Structure formats: structure tokens, C-alpha cells
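# Next input, structure requested:
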Amino acid sequence: MQSRQGHNAKHKIFLSYGINDASELAFKLEEDLGKQGHDVWIDKKNLRADKVWEEEIERGIIDCDVFLSLLSPYAVRRPDGVCLDEISFARFNGRRIMPLMVSNCRPPLCIFRLNWMKFTDWQDHYDEYFDKLLGEIEHDSVSAEGVYANLLGNLNPLDFGSDLARLTRNFVGREWLFEELDEWLNNNRNSRIFYVIGDPGIGKSAALARIVQKNPFVGAYHLCEFSLSSSLDPAMFVKSISAQLSTQLDDYCTMVQSINDFRDITQLDAEMMFQKLIAEPLSKINEPDSNILIVVDALDEAWKARRENITTLLRDQLDNVPDW
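Numbers count the residues shown, from 1 in each chain. Model (predicted):
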């Protein structure tokens, strides 16, 4: 591990981690980054009993210029992963988020497109990984790593992470909606679609964003925005959904990566692309332990866009995907 102190600017770093499965690494990173001259915020040092913890954590995130997110099952489990709200708050405030994959897990959808750095076997390769992390921090970049890098590069999906963070900020209520959705997900396989309908401005988008943030069934999310033409494009919808599912379902990711003519498929029309990238790969993998929910917000915006749109695509293709 090389010492670089004195050659680069000091950074304020917030360390977000799961205490049950990433504490050892978090404490070591905090110590070694400190030795390199960086100012590291970590709860074991910076939380005080006489302060409101939520406020102290938010202040630490706002004050940082680098947010290190140690991804592990305990940290990002839904609905009560200890770091989900921290990650969302960092995204809401435009912090520079650097995910480190400590233990294989599903990254939160609000940062699914951020390339994570490998730390899964850090005990055996710590010096190598730390030097690379230090270089990325000090040179304001993040190298593409992990199983998703090439896939995301080819699909170039839309990123709604900022929208999710904005919509879920200070969200409360709607428990009756979440209970109805859970009942439907767990007990009604004869129904493929769960509609949320209401007047403009009553909070539908915020409720759906909260579902994406907290519900463990969610595998992908899409927001139709009339002012963002790419979000209304059925082909872009397919690519974005496929990219997100790849980060949430390992078997599906493996299946998609094995497609030989992958780049050619991404140039097809939306219906053929849906068949090749979503319907066929999903039909070939083992059924997961639970249903998978795809959340599509503001479908009425898509309906206005063109004759062939996301709503007609879903109508025509829904029966081609597995009933889970």
C-alpha cells in the first residue's frame, strides 16, 4: 500500500456500511484513508449520544464530497437495510457516490448504474484494492468493474436514481397501499397487473418510488416523463428494464450475457427486443424465490406519446413472460 499523502487534495469522505457484515472493512478503510490525509466520517466516531442520530448522519453526508457505499446484504436489504436511506439522501444531495461490493448482493436501484469496485475478497487483496480505491478517489473517477459493466455499457439504460431520491425524500404514509400491494404480490397469481390510479398531485409517483426503494419484490423501475422523450421510447424502456433486472437476478444476468448477437439485438424494434432481451431469458431461468415486480410510473404519459408506445408493448408482450 503506497503512501500518497501530500500529493493530492484532502477529501471529506462519508463511510456507509452494514454493521453486521462490513464493520471490519469499514474500520480498516477509515483508518487507512485517514493516514492518507483524508477526513473520514464514520458512525462509530462521529455519532454522539447527545445528538439526534438522523440529523448527524445527514449533516455528515451533506458535508462530504465522496460517499463510500459498502454494498453488503445487511446494508441494502429491503425494506429495512440500514444504508438505503443514506444512499438515497446522498443521491438526493448530489454527492459523489462510490459503491464497493463487499458481499454479493442486489445494489439499490437508485444506484444500479454506478459501476462498483470489487472488494468481495478484500482480506486477500486489501492493499491492491485500497490503492485502486485511493487512486479513484483522488482522480475523481470510477473504473468500470463487476459483472454489469459491459452489459450496462451496451444497453446504456436510463438512470432514474435522482428521481427516486427526490420523490422519496421525507416520504410518509400510504401504508394501506403497501399492504394491498403485498397481499397481491403474495397471494394473487391470476392477476398480472396492479394499477395505482388517482388524480394529479395526490402522490402516486412518490408512493411508487417508495415501493421501489423499500419493497424486496421490485426488480426494475421506469418513469415515463413527457418532457423526456427517451423515457417514452419503447425500445429504451426495454433496454432499461433489462439492465436493471440484470443487477437484481443473477441467473437472468448470466443468460443475457450469453447472448451471442447482443449488440445486434439492441438495434431491433421494441417488440423483438422485448422477446430477445426479456421474455426469452426470463423463461429459461429457474423461478426465483419470490415474484418479481416491475414498476412503471406515469403510463398515461407514455400513452400520449405515439401510436406504438410502452403501454401497447406491455399489453402485447405481458403473456410472453413467466407468470412470476
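# Next one: the residue nearest the centre of the chain from S227, what distance?
Taking Cα atoms, centre = their mean, the centroid of the chain lies closest to L109, which sits 2.1 Å from it. Plainly put, L109 is 22 Å away from S227 if you go by Cβ to Cβ, to the nearest Å. The C-beta positions use only the backbone N, C-alpha and C, and glycine is treated the same way.
# now swap in N104 and tell me
37 Å.
# likewise D131?
D131 is 44 Å from S227, by Cβ to Cβ.
# the more surrounded of those two?
For D131 versus S227, neighbours defined as other Cβ atoms under 10 Å are more numerous around D131 (13 against 7).
# so that one is in which element?
helix 122-138 (DSSP states H and E).
# Any buried residues in that helix, and which?
For helix 122-138, the neighbour count (16 or more other Cβ atoms under 10 Å) marks 122, 126, 129-130, 132-134, 137-138 as buried.
# residues touching M236, list them.
Listed by Cβ atoms under 8 Å, 6 or more residues apart in numbering, the contact set of M236 reads 157-158, 230.
# now stretch 78-88: how far from the chain's centre is it?
11 Å (Cα atoms, centre = their mean, to the nearest Å).
# what's next to that stretch, contact-wise?
In this structure, residues lying in contact with stretch 78-88 by Cβ under 8 Å, 6+ apart are 14, 16-19, 57, 61, 67, 69-70, 74-76, 97, 108, 110-111, 164-165, 168-169, 213-216, 218.
# Strands along the stretch 1-150 of the chain, start to end?
For the stretch 1-150 of the chain, the strands defined by DSSP state E, counting those that start in this stretch occupy 12-16, 39-41, 66-71, 97-101, 117-118.
# okay, and for this structure, where does confidence drop off?
Along the chain, the model assigns pLDDT under 70 to residues 1-8, 45-53, 140-147, 189, 305-306.
# was I right about D323 contacting L282?
No. Taking contacts as Cβ atoms under 8 Å, D323 lies outside contact range of L282: 10.7 Å.
# Comparing these two, which residue is more hemmed in?
More neighbours surround L282 than the other of D323 and L282, with 22 against 9 (other Cβ under 10 Å).
# Mind telling me what element the more buried one is part of?
Using DSSP H and E, L282 sits within helix 280-284.
# Adjacent strands (with direction) for the helix or strand that comes right after that helix?
Following helix 280-284 in sequence order, the next helix or strand is strand 293-297 (DSSP H and E). Sheet pairing here is set by DSSP bridges, and for strand 293-297 it gives strand 218-223 (parallel).
# Using CSV, write out every CA atom in the strand it pairs with.
Extracted in CSV, the C-alpha atoms of strand 218-223 (Å, rounded to 0.1, in the frame of the first residue of the first chain):
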residue,chain,number,x,y,z
VAL,A,218,-39.0,-4.9,-7.1
GLY,A,219,-36.7,-5.8,-9.9
ALA,A,220,-36.9,-2.8,-12.2
TYR,A,221,-38.4,0.7,-12.4
HIS,A,222,-39.3,3.1,-15.2
LEU,A,223,-40.6,6.6,-15.1
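# next SSE after that strand?
Per DSSP H and E, the helix or strand that comes after strand 218-223 is helix 234-248.
# How about that next one, which residues are buried there?
234-248.
# now it, how far from the chain's geometric center?
Centre-to-centre, helix 234-248 and its host chain are 12 Å apart (Cα atoms, centre = their mean).
# Same check on stretch 266-282?
Counting by Cα atoms, centre = their mean, stretch 266-282 is centred 22 Å from the centre of its parent chain.
# So for that stretch, first residue to last residue, what's the gap.
Counting by Cα to Cα, to the nearest Å, you get 17 Å between the two ends of stretch 266-282.
# Stretch 42-62 too?
By Cα to Cα, one end of stretch 42-62 lies 14 Å from the other end.
# Near the closest residue to N93 other than its chain neighbours, how many other residues are there?
In this structure, N93 finds its nearest non-sequential neighbour in I62, 5.9 Å apart by Cβ to Cβ, 6 or more residues apart in numbering. The local packing of I62 (other Cβ under 10 Å) involves 12 other residues.
# okay but I62 is in contact with A90, surely?
No. Between I62 and A90 there is no contact under Cβ under 8 Å: 9.1 Å.
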